[in-house]
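1. only the shape, not the letters, is given here:
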């Protein structure tokens, strides 16, 4: 989100008109800066149908956000505090595991009412997280994720630390005083849902749909944009996008360029070339070949397809062949083999599993071997997720989880209090065909250690998190509650960040001397001035290697009614409600403040605090 800096319309009219012809030659002639996207598309939350569709799109673009490894999911900084998530109206505050980027994007779309295509386009416009960053270093990737949507990133000062992470960029955050901040998705939709639309500030007021405004551009290449540009806000979506990024070039032109390239045709549009029998369907910015049997099974109207030019068709990257709906059964008459389609992948399946999943083999579609080879083959389909299974001879018990099976240990089986009658017996030879995926994790907040090891962990969302001795004490854990498991079982659990202290723990970082307060899943830095003013002292000391893994929150501000300014900027602020609110000259005078009352702090400290609206009087 860029700095809001606007100038008089009348003063710039002649300046703008002169270079526009040259500018138009440098950009796509279809670009209309007054209407970036239709309102109906901006608020269409069902464009991907769910997180699986978003995941496929990310994979088709070779996006780093397609990574689903647990080590990468930690970088998305999803908090583990249920109360915080509930306050942020997260649709899944207690899922019990870390979500993928695709799942977080989908949930942010559901929560806000914003088209996930808009979120994806913004991620690329701001941080190149869709088509770039494939070779980024660890530090570069984390920085890009921390500022993923470019939210709270004004041009003049760089990105702040109110929304420090992929999750917070989407959903928002609370500061250390309990003030709520909207994330990018809700902020865009707040502007969109405002009566008449909410555009950027212009001539001292908020612009609306129909207003003609002047915006600053980023000048220079690659589009040789003039310094300023005049446009009329054509709809609410356009107003919201300019409120978010108050530039035509390169910000909103790049938004339009990416969106138009990926999502020009709505999902489900059928395309074909002239004199070519092949039919393609547009799905989430890609084209997929539609076999005739799939068109019939899905009831697609081939006669409605649009004849596209070769260049137009080829502008969409080719995705996998379009398959039938989930849970469709396919049979190969050559050998009577059966498959079930899940997320466009064919999975070999037994009669036992078909029956267990409530699927009827009599509904199977008979297809040729050639048609079957068009589709990717997945693992043998196990029973439905959540089913507990064992062989008829082998005593091992497994949990079916996300299409794989995980082994129960004696401890986790007992801990979950599974009754014998709820264990489904499966032929041993069939169990050997299922994909195995480690052990069932102990329940959240279980304390565990491996045999012969002193290291203690707490289990949270399927991760084992190391516990320091002081943290063990702070959280009032008891040695008698530590379960000893096999070395193999503990080693198989993925490791997470160090366990965090309880709320309102004050600590110092040994290497730097920095003081923090831990609250609601984040560490909030306390400057030397605030520590002295508020009488805050550290009770514990932790190393930087430990604390660097804990989420950063908004620093603890000075006390309310403190008047402060930075050492490199003349703006004077009044601290109220935990926020720094700029004072106009009139407000400063009316409140009878004097220069002696102003506390001058390092500019970097002033910039780090949460800001509120300007006090005018």
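-> That came in fine, so what should we check first? Model, not experiment: these values are computed from the prediction.
2. touching, residue 179 and residue 610? I think so.
-> Yes. Counting by C-beta atoms under 8 Å, residue 179 touches residue 610, with 6.3 Å between them. Every residue, glycine included, has its C-beta placed from N, CA and C.
3. show me the shaky parts of the stretch 501-617 of the chain.
-> By pLDDT under 70, the stretch 501-617 of the chain has no low-scoring segment.
4. and the gap between residue 584 and residue 202?
-> Note on residue 584: its distance to residue 202, by C-beta to C-beta, to the nearest Å, is 19 Å.
5. pLDDT value on residue 25, please?
-> What the model reports for residue 25 is a pLDDT of 41.
6. burial of the nearest residue to residue 498 once chain neighbours are set aside, as a residue count?
-> Leaving out its chain neighbours, the residue that sits closest to residue 498 by C-beta to C-beta, 6 or more residues apart in numbering is residue 546, at 4.8 Å. Neighbours of residue 546 under the rule other C-beta atoms under 10 Å: 19.
7. assign residue 546 to helix, strand or coil.
-> helix (DSSP: H, G, I helix; E, B strand; the rest coil).
8. would you mind measuring from it to residue 523?
-> Taking C-beta to C-beta, one finds residue 546 at 11 Å from residue 523.
9. swap in residue 484?
-> Residue 484 is 31 Å from residue 523, by C-beta to C-beta.
10. the two: who's more crowded?
-> Neighbours were counted for residue 484 and for residue 523 using other C-beta under 10 Å; residue 523 has more, 23 against 12.
11. hang on, residue 523 is in a helix, isn't it?
-> No. Assessed with three-state DSSP, residue 523 is strand; it does not lie in a helix.
12. for the nearest residue to it once chain neighbours are set aside, give the beta-bridge partners.
-> Nearest non-adjacent residue to residue 523, counting by C-beta to C-beta, 6+ apart: residue 516, 4.4 Å away. For residue 516, the beta-bridge partners are residue 507, residue 525 (DSSP bridges).
13. residue 468 is in contact with the residue nearest to residue 498, correct?
-> Yes. Assessed by C-beta under 8 Å, residue 546 is found in contact with residue 468 at 6.6 Å.
14. is residue 405 in a helix, a strand, or coil?
-> Residue 405 is classified as strand under three-state DSSP.
15. pLDDT below threshold where in the chain?
-> For the chain (pLDDT under 70), the answer is 1-26, 155-162, 221.
16. domain ranges for it, per the record?
-> Listed by automatic domain parsing, the domain ranges of the chain are 41-185, 270-314, 329-372, 388-433, 447-492, 505-552, 563-608.
17. as JSON lines, those with distance to residue 323 would be great.
-> Formatted as JSON lines, the domains of the chain follow (distance: least, C-beta to C-beta, whole Å):
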{"stretch": "domain 41-185", "distance to residue 323": "12"}
{"stretch": "domain 270-314", "distance to residue 323": "6"}
{"stretch": "domain 329-372", "distance to residue 323": "4"}
{"stretch": "domain 388-433", "distance to residue 323": "16"}
{"stretch": "domain 447-492", "distance to residue 323": "30"}
{"stretch": "domain 505-552", "distance to residue 323": "40"}
{"stretch": "domain 563-608", "distance to residue 323": "51"}
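18. most tightly packed of the ones you listed?
-> Mean neighbours per residue, mean count of other C-beta atoms under 10 Å, is largest over the domains of the chain for domain 41-185, with a mean of 20.
19. next up, the contacts around the closest residue to residue 584 other than its chain neighbours.
-> Take residue 584 and drop its neighbours on the chain: the residue closest to it by C-beta to C-beta, 6+ apart is residue 616, 5.4 Å away. If you count contacts by C-beta atoms under 8 Å, 6 or more residues apart in numbering, residue 616 has them with 584, 586, 587.
20. could you say which helix or strand contains the closest residue to residue 442 other than its chain neighbours?
-> Nearest residue to residue 442 in three dimensions, chain neighbours excluded: residue 459, at 4.7 Å (C-beta to C-beta, 6+ apart). In this structure, residue 459 is located in strand 457-460 according to DSSP states H and E.
21. could you point out which element follows that strand?
-> Elements were assigned by DSSP H and E; along the chain past strand 457-460, the next helix or strand is strand 463-466.
22. which residues sit against the following helix or strand past that following strand?
-> Next along the chain after strand 463-466, taking DSSP H and E as the criterion, comes helix 469-474. Contact with helix 469-474 is made by 456, 498, 499, 500, 501, 502, 505, 540, 542, as judged by C-beta under 8 Å, 6+ apart.
23. separation between the last one and residue 249?
-> The reference is to residue 542. Distance from residue 542 to residue 249, counting by C-beta to C-beta: 47 Å.
24. just give me the neighbour total for residue 444.
-> Neighbours of residue 444 (other C-beta under 10 Å): 15.
25. got the buried residues for stretch 249-265?
-> Across stretch 249-265, burial judged by 16 or more other C-beta atoms under 10 Å covers 249-260, 262-263, 265.
26. show me those that map onto helices.
-> Among those, the members found in helices (DSSP state H) are 253, 254, 255, 256, 257, 258, 259, 260, 262, 263.
27. the second one and residue 127 touch, don't they?
-> Which is residue 254. No. The pair residue 254 / residue 127 is not scored as a contact, 11.8 Å apart, by C-beta under 8 Å.
28. can you tell me the helix or strand for residue 297?
-> Using DSSP H and E, residue 297 sits in helix 292-298.
29. list the contacts of that helix.
-> Here helix 292-298 has contacts from 279, 300, 302, 322, 323, 324, 325, 328, 365, 367, 371, using C-beta under 8 Å, 6+ apart.
30. tell me how far the residue nearest to the last one when sequence neighbours are not counted lies from residue 370.
-> Spelled out, that is residue 371. Leaving aside its sequence neighbours, residue 371 sits nearest to residue 291 (C-beta to C-beta, 6+ apart; 5.8 Å). Using C-beta to C-beta, residue 291 is found at 10 Å from residue 370.
31. how about residue 69?
-> 36 Å.
32. one more: residue 226?
-> Using C-beta to C-beta, residue 226 is found at 57 Å from residue 370.
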